[in-house]
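> Below are the sequence and a predicted model; questions follow.
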Amino acid sequence: MEDYILAVANKDIMDMAKRAFDLVNSKLIGHGERVAHIMYRLLKETGSFSPLEIRNLLILSVLHDIGAYKMEEIDRMLAFDTKNVRNHSIYGYLFFHSFTFLSKTAPVVLFHHSHWSALRQMKDIPGPIRQAAQLLHLADRVDIYIQNPRYKNGNQELIEKLKDAGDEVFSPEIINLASGMDFFLTEEAWKKENREFEMAMEAVPLTEQEKESVLKMLIYAIDFRSPYTVTHTIVATVISQVLAERLCEDYEEIRDVYWGAMLHDLGKIGIPVEILEFPGKLSSQDMKIMKDHVTLTGYILGDSVSQSVREIALRHHEKLDGSGYPRGLSAKELSTPQRIVAVADVVSALTGVRSYKGAFPKEKTRAILTEMARKGFLDVQIVAYMTKEFDVIMERVQEKTGPALKAYGQLQSRYEALSSFMEEKRWIP
């Protein structure tokens with residue numbers, strides 16, 4: 001199957017990542033982006049990192065808390081003196097290490113809450129990684145301080161708090177670096193720094209493979225929140241791609257279907273896990289929240305992707321008779337690419353295990369699809385091809401979902417092993 005390239009710049013990728021991260025928890029809105037800006041100033045001040053290293057560390061900084069799902073740990077993360085914050089550091093590390101081109105730099109996320117007293121004993125960890133982890137820890141704490149209304153005495157109080165921690169938390173070099181900086185910027189200084197930050201992000205363009213790896217990590221981070229959604233996006237994307245290659249007219253349409261399907265559920269990062277995993281019919285109030293994932297997907301995508309990809313992603317719950325959501329569009333307003341992803345999403349839901357149902361067998365799935373087409377919900381031609389080629393398409397699905405299921409299992413087992421090891425070593429407080 002052909003590779004389909006999403007035409008976006010570094011900035012587009014990071015803007016989508018920042019907006020997605022904002023939805024993890026309302027208490028973390030803007031935190032990743034602010035930490036990345038502080039990190040940029042620190043990296044620039046050290047003078048010891050190349051443009052490529054700076055770009056990579058800024059990507060890590062924006063998404064350093066991508067492993068944060070649990071409310072109680074988020075509350076602990078937002079305290080200036082952090083304790084019991086191991087889980088999100090490990091998950092974040094595993095996401096970057098397993099799914100992106102940043103595997104060698106990922107330990108920076110793993111150790112971004114580690115104290116210097118532990119880091120300085122890690123002789124097998126390269127010096128630049130330990131330094132970057134300390135810088136990210138500092139940037140993270142600086143943002144927590146600035147955003148906390150309890151701390152009102154500005155930069156001097158911040159530096160004193162850092163010094164009070166002694167060399168238990170931060171190395172003398174890091175304390176010395178922070179002591180010479182003013183973290184409270186004027187509006188004009190902020191605008192200047194923001195321009196420099198954006199230039200640093202674009203200084204070394206991401207390759208197409210690198211861009212795709214970051215986007216796929218975001219998708220895995222969303223799907224892996226629940227064992228019931230591990231392969232949903234992959235299944236919907238593979239089915240969409242196969243259908244598009246048969247039913248669409250040109251490369252651009254097929255490419256847009258592929259990426260529209262890949263990105264269609266990004267907004268679920270903002271839906272509580274207890275709703276995603278509810279073992280039964282959702283209440284009307286919870287269903288309203290669940291339906292909001294389409295709107296949230298639109299927020300994440302913004303104007304970072306083409307209008308075509310955006311509309312394909314946002315219309316996968318629309319129905320030809322106008323009974324779908326969120327806009328109640330009808331047949332004349334829904335293109336073939338949009339109809340394809342709507343069918344693929346239904347097939348993925350029917351054939352997948354959910355908290356409230358088992359996987360439906362082939363004949364039941366085909367019967368439901370046919371009935372939905374008869375009632376005017378789904379496109380008759382697309383459903384006819386799907387049901388006719390069901391075995392061939394689902395065989396392709398099996399080929400693609402195997403690696404995802406394996407990755408999910410490995411991620412869980414590696415998390416358990418790392419958590420036990422780091423608790424024993426007390427490498428993260």
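Looks like it arrived, so ask away.
> For burial, what's the neighbour tally of V380?
When neighbours are defined as other Cβ atoms under 10 Å, V380 has 14 of them. Heads up, the C-betas are built off the backbone N, CA and C, glycines and all.
> ok, now the one 5 residues further on?
Burial measure for Y385: 18 neighbouring residues, criterion other Cβ under 10 Å.
> now swap in G92 and tell me
So G92, with other Cβ under 10 Å, has 23 neighbours.
> So it belongs to a helix, correct?
Yes: judged by DSSP: H, G, I helix; E, B strand; the rest coil, G92 forms part of a helix.
> Verify the contact between it and V108 for me.
No: G92 is beyond contact range of V108, at 9.9 Å (criterion: Cβ atoms under 8 Å).
> Name the residues that touch stretch 285-294?
265, 267-268, 270-272, 275-276, 278, 282, 314, 316-317, 325-326 (Cβ atoms under 8 Å, 6 or more residues apart in numbering).
> Using neighbour counts, pick out the buried residues of it.
M290, D292, H293, V294 (16 or more other Cβ atoms under 10 Å).
> can you put these in a markdown table and add pLDDT?
What follows is those, written out as a markdown table (pLDDT from 0 to 100):
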| residue | pLDDT |
| --- | --- |
| M290 | 94 |
| D292 | 96 |
| H293 | 95 |
| V294 | 97 |
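> Among these, find me the one that's closest to P172.
Nearest to P172 among those is H293, at 47.4 Å by Cβ to Cβ.
> Not counting its neighbours along the chain, what's nearest that closest one?
G267 (3.9 Å; Cβ to Cβ, 6 or more residues apart in numbering).
> before we move on, what about E311?
Excluding its sequence neighbours, the residue lying closest to E311 (Cβ to Cβ, 6+ apart) is Q338, at 6.4 Å.
> Quick one: name whatever helix or strand follows the helix or strand hosting that neighbour.
Q338 is part of helix 336-351 when elements are defined by DSSP states H and E. Remark: after helix 336-351, the chain's next helix or strand is helix 362-374, criterion DSSP H and E.
> May I see the buried residues of that following helix?
In helix 362-374, counting by 16+ other Cβ under 10 Å, buried: T365, R366, I368, L369, T370, M372, A373.
> got a pLDDT number for the third one?
By that I understand I368. Predicted confidence (pLDDT) at I368: the value is 97.
> can you pull the contacts of it?
Per Cβ under 8 Å, 6+ apart, neighbours of I368: V346, L350, F360.
> distance of it from G280?
19 Å (Cβ to Cβ, to the nearest Å).
> Then K388?
34 Å.
> Look at these two and report which has more neighbours.
Taking neighbours as other Cβ under 10 Å, K388 and G280 compare with K388 leading, 11 against 8.
> thinking again about what came up before, so can I have JSON lines of the buried residues of stretch 285-294 showing secondary structure and distance to F49?
Compiled in JSON lines, these are given as follows (DSSP: H, G, I helix; E, B strand; the rest coil; distance: Cβ to Cβ, whole Å):
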{"residue": "M290", "secondary structure": "helix", "distance to F49": "43"}
{"residue": "D292", "secondary structure": "helix", "distance to F49": "40"}
{"residue": "H293", "secondary structure": "helix", "distance to F49": "38"}
{"residue": "V294", "secondary structure": "helix", "distance to F49": "40"}
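> ok, those vs E424, which is closest?
Of all the buried residues of stretch 285-294, E424 sits closest to H293, with 39.1 Å by Cβ to Cβ.
> From the centre of this protein, point out the most distant residue.
In the chain, counting by Cα atoms, centre = their mean, R374 sits farthest out from the average C-alpha position, at 37.2 Å.
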